[in-house]
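Student: Return atomic coordinates for the entry below.
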Amino acid sequence: MRNVVVWLVAPLTLGLATVVLAQGVPDDPAARPQSGAGLEETEAGIPVTDALTISKCGTCHTKDSKGNLSRLSWIRTTPEGWSQAIKRMVRQNGLQISPADARSVIKYLATDHGLAPEEAKPVMYMTEHRIVDETLIPNEAVRGACASCHAFGQPMQWRRSKTDWKLLQNLHMALYAQAEVMYRRPASAAGSEGPPDPNDRGPTQADAALDFLSKSAQLHTPQWEAWRARMRTPELDGKWLVTASAPGKGRFVGEMTVEPGAAKDEFKTSVVLTSLKDGSTLKRTGTSVVYAGYAWRGRSRGTPGAKLDNLNSEAREALWIAPNQSSAEGRWYWGEYQEFGFDVKMIRAGGPAVIAVAPYALKAGSKGMPVKIYGASLPTGVAAGDVHLGSGVTVTKVVSSTPSEVDVEVDVADDATSGPRDAEVKGAVLERAVPVYHKVDYIKVTPETGLAHLGSDVHPKGYQQFEAIGYEDGPDGKPNTSDDVALGPIDVDWKVEEFMAVYNDDDKDFVGQLAPTALFTPASDGPNPKRKFSRNNYGDVWVVATAKTEKDKFGKPLSGRAYMVVTVPSYQRWDQPEVSQ
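Tutor: Residues are numbered from 1 along each chain as shown. Model (predicted):
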């Protein structure tokens, strides 16, 4: 099974002052000065200059003549990483800090000891709480050492000196018994099914991980040095154009107004979104903090609703702002397991702009097909010759035009080349706005590997929303390759089928229900007397989508499927990072 990353956490705030700890708690190796044979720092540190941070951290993290604090000056990470570190210091080392001071310290560390935008972007899926198949893991030895217990994105959110990566390994062995077992396993045995050879004295999985991380996640990088010079106060006030999509709910377009907040890196927001499916509108208001000039973390909400998948729900916002501060992308998410949300893209409002085209795709041979082009500051009085949708697509009529929407009718040639087209309205261009296709070759159900949690009145359920996306094979004529053309959601029937893992498997009858909208609701947790051996309602199943109209080359309905694990609740809320404004 592919490596699946899932964050099993509830939204947290930095309510650190409410944690009461006795003094004299066990010593945490993470807070000790660097000492001991082979563990002295040889790399230059990053001096800590913030008075509050020195005051709160300097008691345990010793200061040297260059202004470096032990450990802290040899670490860089995200706002979530620094939040996680502070919470650990509160729990395990008796740190006394108020929520306001904690936020100030995180602001400083996440900005002056953070990541460059280029370093943070590949692991934004961690902050955005997405289910993904990780592609960052270089080999099975590193997977065994780092990704057996948590997502590999966890260490890749950090930058450390080689000495500090070794100290982190020591901390893992001190706190987690299973870490030492995995670390001592020979690297040559990684991925094998049998027990390792006890006579293998070659490099271990810990050696492989240390070698990779010390080279791929170094403390000092060209990206960080360049960003330290470029970094500037975020100036995000004004109007932003927004496009968003919610699995199972469709696409939305709208406008966000960003206003100054209480501090230079804090903002107030209001957004209005319009559904491209039915024209309904959503209004949300919120607040945000921007760390290091690009890391947007916020909260927003609309009108509360009873359903968990209500798009007005209070959401956390995690966006990556482009270094030039002209665009942003990320996710707004909510739910006990962060399973609901919008995928969001934003660009600054200014001159004429095209931001979306509906429908998702244009079929070759279509005549008089209605197309809506959404944007901002678009010219009025648009003629057919002012609108272009690429080769093989002819705009035959402009039905209406306003500054925010141009409605046209188009003819698509029978021999039009398959692939994405740019959309242009009098010089305003959206690249790869809409694809042309000849037929749907296959269906992909997303997420391809899903996860849901059983629940009850005591333990909240974790839901899973699926979508069926149509694809045409690209120029190579092969499915599931990089040149395939995505055609958007297609109309399908949904069902759950058995995943045959053991004899007499009956999971599909007990794990839960899949709605016609492809929202999976898991069953209750606890022993089920109706099930063999009174087992809990956990299990693994296939989620199958069957097209209502699209056929394969044999004339049978196209279908696709995704693998889903339905597991027990997250009985323990792991203290994974969340950052409050």
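Student: And the lowest mean pLDDT element among the helices and strands of the protein?
Tutor: When the helices and strands of the chain are compared on mean pLDDT, DSSP states H and E, strand 4-5 comes out lowest with a mean of 40.
Student: hmm, who's touching the next helix or strand after that one?
Tutor: Next helix or strand after strand 4-5 toward the C-terminus (DSSP states H and E): helix 51-57. With contacts defined as Cβ atoms under 8 Å, 6 or more residues apart in numbering, helix 51-57 is touched by 48, 63, 69, 72, 89, 95, 97, 101, 104-105, 108-109. Every C-beta, even on glycine, is put in place using the N, C-alpha and C of the backbone.
Student: Tell me, how many residues neighbour Val492?
Tutor: 25 (other Cβ atoms under 10 Å).
Student: Bridge partners for it, pull those for me.
Tutor: Ala547 (DSSP bridges).
Student: May I have the residues that are in contact with it?
Tutor: Val492 neighbours (Cβ under 8 Å, 6+ apart): 443, 468, 545-548.
Student: Give me the buried entries from those residues.
Tutor: Buried members of the contacts of Val492, counted by 16 or more other Cβ atoms under 10 Å: 443, 468, 545-547.
Student: Let's have those residues in CSV, adding distance to Met182 and pLDDT.
Tutor: Listed next are the buried ones among the contacts of Val492 as CSV, based on distance: Cβ to Cβ, whole Å; pLDDT from 0 to 100:
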residue, distance to Met182, pLDDT
Ile443, 38, 97
Ala468, 38, 98
Ala545, 38, 98
Thr546, 42, 98
Ala547, 44, 97
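Student: Switch the contacts of helix 51-57 over to JSON lines; also include secondary structure.
Tutor: Putting those into JSON lines (DSSP: H, G, I helix; E, B strand; the rest coil) gives the following:
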{"residue": "Val48", "secondary structure": "coil"}
{"residue": "Lys63", "secondary structure": "strand"}
{"residue": "Leu69", "secondary structure": "strand"}
{"residue": "Leu72", "secondary structure": "helix"}
{"residue": "Met89", "secondary structure": "helix"}
{"residue": "Leu95", "secondary structure": "coil"}
{"residue": "Ile97", "secondary structure": "coil"}
{"residue": "Asp101", "secondary structure": "helix"}
{"residue": "Ser104", "secondary structure": "helix"}
{"residue": "Val105", "secondary structure": "helix"}
{"residue": "Tyr108", "secondary structure": "helix"}
{"residue": "Leu109", "secondary structure": "helix"}
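Student: Counting neighbours, which of these comes out on top?
Tutor: Counting by other Cβ under 10 Å, top hit in the contacts of helix 51-57: Leu109 with 27 neighbours.
Student: I'd say it and Trp82 touch.
Tutor: Yes: assessed by Cβ atoms under 8 Å, Leu109 is found in contact with Trp82 at 4.5 Å.
Student: What average pLDDT does the helix or strand where Val242 lies get?
Tutor: Val242 belongs to strand 238-246 when assigned by DSSP H and E. Mean pLDDT, strand 238-246: 97.
Student: which other helices and strands contact it?
Tutor: Judged by 3 or more Cβ pairs under 8 Å, 6 or more residues apart in numbering; DSSP states H and E, strand 238-246 is in contact with strand 250-260, strand 266-275, strand 340-348, strand 353-358.
Student: Pull up the per-residue confidence for Asp457.
Tutor: At Asp457, pLDDT is 85.
Student: Tell me, how many residues neighbour it?
Tutor: Asp457: 6 neighbours (other Cβ under 10 Å).
Student: and if you look at Val440?
Tutor: Val440: 22 neighbours (other Cβ under 10 Å).
Student: now the one 5 residues further on
Tutor: Neighbouring residues of Val445 were enumerated by other Cβ under 10 Å; the total is 23.
Student: Quickly find the element holding it.
Tutor: strand 442-446.
Student: ok, now Glu118?
Tutor: helix 117-120.
Student: What helices and strands are in contact with that helix?
Tutor: So helix 117-120, by 3+ Cβ pairs under 8 Å, 6+ apart, packs with helix 222-230, strand 315-321.
Student: Give me the mean pLDDT for the first one.
Tutor: Right, the one you point to is helix 222-230. The average pLDDT within helix 222-230 is 97.
Student: likewise the shortest one?
Tutor: Rounded to a whole number, the mean pLDDT of strand 315-321 is 97.
Student: So which elements touch the following helix or strand past that strand?
Tutor: Under the assignment DSSP H and E, the closest C-terminal helix or strand after strand 315-321 is strand 327-334. Judged by 3+ Cβ pairs under 8 Å, 6+ apart, strand 327-334 is in contact with strand 295-301, strand 315-321, strand 340-348.
Student: How far off centre is strand 327-334?
Tutor: Centroid separation for strand 327-334 versus its chain: 8 Å, with Cα atoms, centre = their mean, to the nearest Å.
Student: Contacts for it, please.
Tutor: Here strand 327-334 has contacts from 11, 124, 127-130, 240, 244, 296, 300, 313-322, 339-348, using Cβ under 8 Å, 6+ apart.
Student: all strands in the stretch 451-581 of the chain, in order from the N-terminus.
Tutor: 464-465, 467-472, 485-489, 492-498, 512-514, 519-522, 539-551, 557-567 (DSSP state E, counting those that start in this stretch).
Student: Now do the buried residues in the fifth one.
Tutor: The one in question is strand 512-514. Neighbour-count burial for strand 512-514 [16+ other Cβ under 10 Å]: 512, 514.
Student: List the contacts of that strand.
Tutor: By Cβ under 8 Å, 6+ apart, strand 512-514 touches 452, 454, 466, 494-496, 520-523, 537, 543, 566.
Student: sorry, back to before: just put the helices and strands packed on strand 327-334 in CSV and tack on mean neighbour count and distance to Lys363.
Tutor: Output for those, formatted as CSV (neighbours: other Cβ atoms under 10 Å; distance: least, Cβ to Cβ, whole Å):
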stretch, mean neighbour count, distance to Lys363
strand 295-301, 22, 37
strand 315-321, 23, 34
strand 340-348, 21, 25
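Student: Tabulate the ones you listed in a markdown table, adding columns for distance to Arg185.
Tutor: Compiled in a markdown table, those are given as follows (distance: least, Cβ to Cβ, whole Å):
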| stretch | distance to Arg185 |
| --- | --- |
| strand 295-301 | 36 |
| strand 315-321 | 35 |
| strand 340-348 | 37 |
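Student: tell me the SS of the residue lying closest to Met369 once chain neighbours are set aside?
Tutor: Spatially, and ignoring its direct neighbours in sequence, Met369 is nearest to Val410 (5.3 Å; Cβ to Cβ, 6 or more residues apart in numbering). Judged by three-state DSSP, the three-state class of Val410 is strand.
Student: ends of stretch 209-225, how far apart?
Tutor: One end of stretch 209-225 sits 25 Å from the other (Cα to Cα, to the nearest Å).
Student: just stretch 421-440 next, same as before
Tutor: 17 Å.
Student: can you check stretch 181-199 too?
Tutor: End-to-end distance (Cα to Cα), stretch 181-199: 16 Å.
Student: likewise stretch 209-222?
Tutor: 22 Å.
Student: How about residues contacting that stretch?
Tutor: Stretch 209-222 is contacted from outside by 43-44, 46, 74-76, 116, 119, 138, 141-142, 145-146, 155-156, 158-162, 164-166, 169, 183, using Cβ under 8 Å, 6+ apart.
Student: Quick one: mark the members of those residues that sit in helices.
Tutor: 119, 141-142, 145-146, 155-156, 162, 164-166, 169, 183 (DSSP state H).
Student: SS state for the nearest residue to Lys162 once chain neighbours are set aside?
Tutor: Among residues not flanking Lys162 along the chain, Ser214 sits closest, at 3.9 Å (Cβ to Cβ, 6+ apart). Classification of Ser214 using three-state DSSP returns helix.
Student: residues near Ser214, how many?
Tutor: 17.
Student: pLDDT score for it?
Tutor: Predicted confidence (pLDDT) for Ser214: 96.
Student: What distance do you get for the nearest residue to Phe466 once chain neighbours are set aside to Asp491?
Tutor: Among residues not flanking Phe466 along the chain, Ala518 sits closest, at 4.1 Å (Cβ to Cβ, 6+ apart). From Ala518 across to Asp491, the span is 12 Å (Cβ to Cβ, to the nearest Å).
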